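Asks: Need a 3D model of the sequence below.
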Amino acid sequence: MQEVKSTAAIAGEGSCAAFVNLAVKYLIDAEVLSDFTPAFYNGIGKNGRKLRVDGYVYDEFDDTFNLIIANYIGANEQEIITRTIAATFFDRLFYFAEEALEGKLDRAVEESTPVADLIVNLKQYKERIRKFRLILLTNGFMSNRISEIESRIYYNIPVECQIWDVDRIFRVSASSQGRQTIEIDFKERCGKGLPCLEASSANSGEVKSYLCIIPGTVLADIYDKFGSQLLEGNVRSFLSTKVAVNKKIRETILTVPQNFFAYNNGVSATAMDLIVEKEGDGKYITYAKDFQIINGGQTTASLSNARYKDKADLSAIYVQMKLTEVDSNTEKASELIRNISKSSNSQNKVSDADFFATHPFHIRMEKFSRKLFAPATGGAQYETKWFYERARGQYLQEQMHLSKAQKDKFTTQQPKRQVITKTDFAKFRNTWDRLPHIVSKGAQTNFLKFAEIADSNWSKNDTQFNEKYFKDTIALAILFKHTEYIVSHQPWFAQGYRANIVTYSIALLHELIIEQFQDKDLDLQLIWNRQQVPSVITNELIKITKFVFEKITAPDRDTINVTQWCKREACWERVKKCDSVLSREVEKVLLNRDETRAAERDAKKEQKLITDIEAQKQVVEYGAKLWRDIYEFIMSKRISITPDQVEAMVCASKIPARIPNGYQSAQLLNLLQEAISNGFKK
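Replies: Sure, this is the predicted structure:
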């Protein structure tokens, strides 16, 4: 609630809008929502019905249309949300959808506003929508008497209602998984449970694996209830670019369902805290917590879609499933799930970029964020840090077991406003790389594009990702937040398309600098050192943001829906054709490319030295015996190694008398991975 206050003050928006944006961010992190578009409307419909909406998102993977409404109570007040209060808000949201689809609401709202886009989207997707999800966000507390909100039916489309009160939002943000936990009672769904065979050995450690048979109807039922939340995050992001249901799977379901088990590869899933019960000579899985499908998303979606669209009978279909139980108490649980997911999907050409969460890029950025102090500003007598959240919920997790004094120190040194996530990082970088149309496609799509670029560049030369790169990115974060503030305080701003205006404006600023000041670029280190944007850049952004707003909402745009128009490269091409001339004063905050390149070369050299030292430290810590064992293993397996690697092995086997240099240490660590992949055990 303190964050709502500060965000509202800084961004210049109402407390309710600030609450919605912050709450939604948690729901996106928790994978409840795939994205979010603000679209506020409050009005009166036919027969005096009250209509209200605060935003929306259409999930193309499971065809769920999410409509969001907020009930924001004063920050210092506490209200119990009763069933009656909740029903009032859900009615307003439902009536809005009804009149948007059936009435003349589109005539009552102003064109080129987010709510007009929402109405267009509702009509556009009307035939595809499989479920409406009405979400009530509130900073009140839900009454204990509300156990479940009754679903509705709208033209044979189920309408699910969810209340996210402040307590529920906090719980999901503080959970170790960082997402909403899916719990499944298999007894309730298929009698005795899922028949299974344990396929793991006694010394399997942190994981147990089971081979199961799951009825097609049960798999489809689970998917119908949980939708894309059922799919492991990285896999869903990958499949969302390939939404079309597999034709061969559909054909099998419709023509030879009895052969589905034989034809299909099945699904792989992970869960925690499985309950396995004996019944006669067999074993049955009766309960699974945090159930996630990590391979077989297309199979699962195809079963559900065939039943829904083709009215297919799934009663003869059974699916093989590999279910892996991960110990919920281990700190490595998330990493294990990601590794299982990566291995299970290797045959689907899902690149490392799609599994970017554990990429060394993130680990390095995290190290910089914990080490580097940003200069003190505004007369403050202390320096602060920018906290890079490599894993979901990390910022909250690191405070969980601190005393009040320790927590106060932590938040003073690393304030919440200086937390940036992986998706934030991708947004700042892709904006500066002049890809605003990609940024406008949403956090996940933009992140995958950034991951692809960063992964490729890392493979070529990882030293380019150094301290300077991190500081430059923080400078872009400052520029981004400042531009949000500028837009929010302009007289022409009508609370719509801010995200699009900001990314396009910063991209255009960079484009104009490159065009008008040959061989020069913005001095991002200046912004880092000052921790604020120079006034000359502010003055230019005031002009640029107005131009961008007028351009993206111009009547002659190729697509009526402004949000969709901003996702197209054609939109960026049109915005780029800007004849605005930047003030010569801008030159004072620019650097010559030669100076920039020299600073980058120095940063790369420094990073190489750091990388070499880290590699040497790791090699020495492993000790001489390990390297002798690896050398013997490599020889016995006849693994091909170069003369340089042999020399590095000889040197390492004499630690501490001899210490391998940085180059040799990097070679040794590569050899260690090669040996492990061939069966070597440390």
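
Asks: could you give the mean pLDDT of the longest helix seen in the chain?
Replies: Scanning the chain for the helix with the most residues, using DSSP state H, yields helix 593-622. Here helix 593-622 scores 89 as its mean pLDDT.

Asks: and it, which residues are buried?
Replies: Within helix 593-622, the residues that qualify as buried are 596, 600, 603-604, 607-608, 610-612, 614-616, 619, 622, counting by 16 or more other C-beta atoms under 10 Å. The way it works is simple: take the backbone N, C-alpha and C, and place the C-beta from them, glycine included.

Asks: Please apply the same query to stretch 273-285.
Replies: By neighbour count on 16+ other C-beta under 10 Å, the buried set for stretch 273-285 is Leu274, Val276, Lys283, Tyr284, Ile285.

Asks: try stretch 460-476
Replies: Buried residues in stretch 460-476, counted by 16+ other C-beta under 10 Å: 462-463, 465-476.

Asks: re earlier: filter the buried residues of stretch 273-285 down to the ones in strands?
Replies: In strands, judged by DSSP state E, the following of those are found: Leu274, Val276, Lys283, Tyr284, Ile285.

Asks: For the closest residue to the last one other than its chain neighbours, list the residues it contacts.
Replies: In space, and not counting its chain neighbours, Ile285 is closest to Leu194: 4.4 Å by C-beta to C-beta, 6 or more residues apart in numbering. Neighbour list for Leu194: Phe186, Cys212, Ile213, Ile214, Tyr284, Ile285, Thr286, Met321, Leu323 [criterion: C-beta atoms under 8 Å, 6 or more residues apart in numbering].

Asks: Kindly report the same for Lys289.
Replies: Lys289 touches Thr181, Ile182, Glu183, Ala271, Met272, Asp273, Leu274, Ser328, counting by C-beta under 8 Å, 6+ apart.

Asks: what does Gln664 give?
Replies: The contact partners of Gln664, taken as C-beta under 8 Å, 6+ apart, are Asp644, Glu647, Ala648, Cys651, Ala652.

Asks: ok, now with 10 Å
Replies: Asp612, Ala615, Gln616, Val619, Asp644, Gln645, Glu647, Ala648, Met649, Val650, Cys651, Ala652 (C-beta atoms under 10 Å, 6 or more residues apart in numbering).

Asks: Thr563 now?
Replies: 37, 39, 114, 117-118, 120-121, 440, 496-497, 499-500, 552 are the contacts of Thr563 under C-beta under 10 Å, 6+ apart.

Asks: tell me the two of the residues you listed that are most distant?
Replies: Across the contacts of Thr563, the longest distance by C-beta to C-beta is 18.0 Å; it joins Val120 and Ala499.

Asks: What are the contacting residues of stretch 566-574?
Replies: Outside of stretch 566-574, the residues within contact range by C-beta under 10 Å, 6+ apart are 434-442, 445, 497, 499-501, 503-504, 507-508, 511, 548, 551-554, 556-559, 561-562, 564-565, 575.

Asks: roughly how far out does it sit from the chain middle?
Replies: Put simply, stretch 566-574 sits 24 Å off its chain's centre (C-alpha atoms, centre = their mean, to the nearest Å).

Asks: repeat for stretch 605-617
Replies: Chain-centre distance of stretch 605-617: 31 Å, with C-alpha atoms, centre = their mean.

Asks: ditto for stretch 15-26
Replies: Relative to the centre of its chain, stretch 15-26 is centred 17 Å away, using C-alpha atoms, centre = their mean.

Asks: Please export the C-alpha coordinates of that stretch as CSV.
Replies: The C-alpha trace of stretch 15-26 is given here as CSV (Å, rounded to 0.1, in the frame of the first residue of the first chain):
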residue,chain,number,x,y,z
SER,A,15,-4.4,5.9,-6.4
CYS,A,16,-6.8,3.4,-7.9
ALA,A,17,-4.9,3.4,-11.3
ALA,A,18,-1.6,2.9,-9.4
PHE,A,19,-3.1,0.0,-7.4
VAL,A,20,-4.4,-1.7,-10.5
ASN,A,21,-1.1,-1.4,-12.3
LEU,A,22,0.9,-2.8,-9.3
ALA,A,23,-1.6,-5.6,-8.6
VAL,A,24,-1.7,-6.6,-12.2
LYS,A,25,2.1,-6.7,-12.3
TYR,A,26,2.0,-9.3,-9.5
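
Asks: could you dump the buried residues of helix 593-622 to CSV with distance to Ser6?
Replies: Shown next, in CSV, are those (distance: C-beta to C-beta, whole Å):
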residue, distance to Ser6
Thr596, 34
Glu600, 35
Ala603, 33
Lys604, 38
Gln607, 35
Lys608, 40
Ile610, 35
Thr611, 38
Asp612, 42
Glu614, 37
Ala615, 42
Gln616, 44
Val619, 46
Tyr622, 47
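
Asks: between those, which is closest to Glu102?
Replies: Thr596 (57.6 Å).

Asks: Isn't that closest one up against Leu526?
Replies: No. Contact criterion C-beta atoms under 10 Å: Thr596 and Leu526 do not qualify, at 11.9 Å.

Asks: Now for these two: what residues contact both?
Replies: Counting by C-beta under 10 Å, 6+ apart, the residues touching both Thr596 and Leu526 are Leu590.

Asks: count of residues packed around Asp313?
Replies: 14 (other C-beta atoms under 10 Å).

Asks: List the contacts of it.
Replies: Neighbours of Asp313 in contact, by C-beta under 10 Å, 6+ apart: Gly216, Thr217, Ile253, Leu254, Pro257, Ala306, Arg307.

Asks: out of the contacts of stretch 566-574, which are buried?
Replies: Neighbour counting by 16+ other C-beta under 10 Å classes 434-442, 445, 497, 499-501, 503-504, 507-508, 511, 548, 551-553, 557, 561-562, 564-565, 575 among the contacts of stretch 566-574 as buried.

Asks: still on that earlier bit, among the contacts of Asp313, which one has the most neighbours?
Replies: In those, the most neighbours by other C-beta under 10 Å go to Gly216, 27 neighbours.

Asks: got the contact list for that one?
Replies: Contacts of Gly216 were listed using C-beta under 10 Å, 6+ apart, and they are 253, 257, 260-261, 264, 299-300, 302-304, 306-307, 312-319.

Asks: Try it again at 6 Å.
Replies: Leu303, Leu314, Ile317, Val319 (C-beta atoms under 6 Å, 6 or more residues apart in numbering).

Asks: of all the contacts of Gln664, which comes closest to Glu150?
Replies: Glu150 has its nearest neighbour among these in Ala615, at 60.3 Å by C-beta to C-beta.

Asks: Identify the spatial nearest neighbour of that closest one, chain neighbours not counted.
Replies: Nearest non-adjacent residue to Ala615, counting by C-beta to C-beta, 6+ apart: Ser665, 3.7 Å away.

Asks: And the average pLDDT for the helix or strand hosting the one you found is what?
Replies: Per DSSP states H and E, Ser665 falls inside helix 662-677. What helix 662-677 shows for mean pLDDT is 87.

Asks: CA atoms only: put it into PDB for me.
Replies: Extracted in PDB, the C-alpha atoms of helix 662-677 (Å, rounded to 0.1, in the frame of the first residue of the first chain):
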ATOM      1  CA  GLY A 662      42.600 -17.300 -17.100                       C
ATOM      2  CA  TYR A 663      42.500 -18.800 -20.600                       C
ATOM      3  CA  GLN A 664      43.500 -22.300 -19.300                       C
ATOM      4  CA  SER A 665      40.900 -22.100 -16.500                       C
ATOM      5  CA  ALA A 666      38.100 -21.300 -19.100                       C
ATOM      6  CA  GLN A 667      39.300 -24.300 -21.100                       C
ATOM      7  CA  LEU A 668      39.300 -26.500 -18.000                       C
ATOM      8  CA  LEU A 669      35.700 -25.500 -17.000                       C
ATOM      9  CA  ASN A 670      34.600 -26.400 -20.600                       C
ATOM     10  CA  LEU A 671      36.300 -29.800 -20.300                       C
ATOM     11  CA  LEU A 672      34.600 -30.400 -17.000                       C
ATOM     12  CA  GLN A 673      31.200 -29.900 -18.700                       C
ATOM     13  CA  GLU A 674      32.200 -32.100 -21.500                       C
ATOM     14  CA  ALA A 675      33.300 -34.800 -19.100                       C
ATOM     15  CA  ILE A 676      30.000 -34.500 -17.100                       C
ATOM     16  CA  SER A 677      27.900 -34.800 -20.300                       C
END
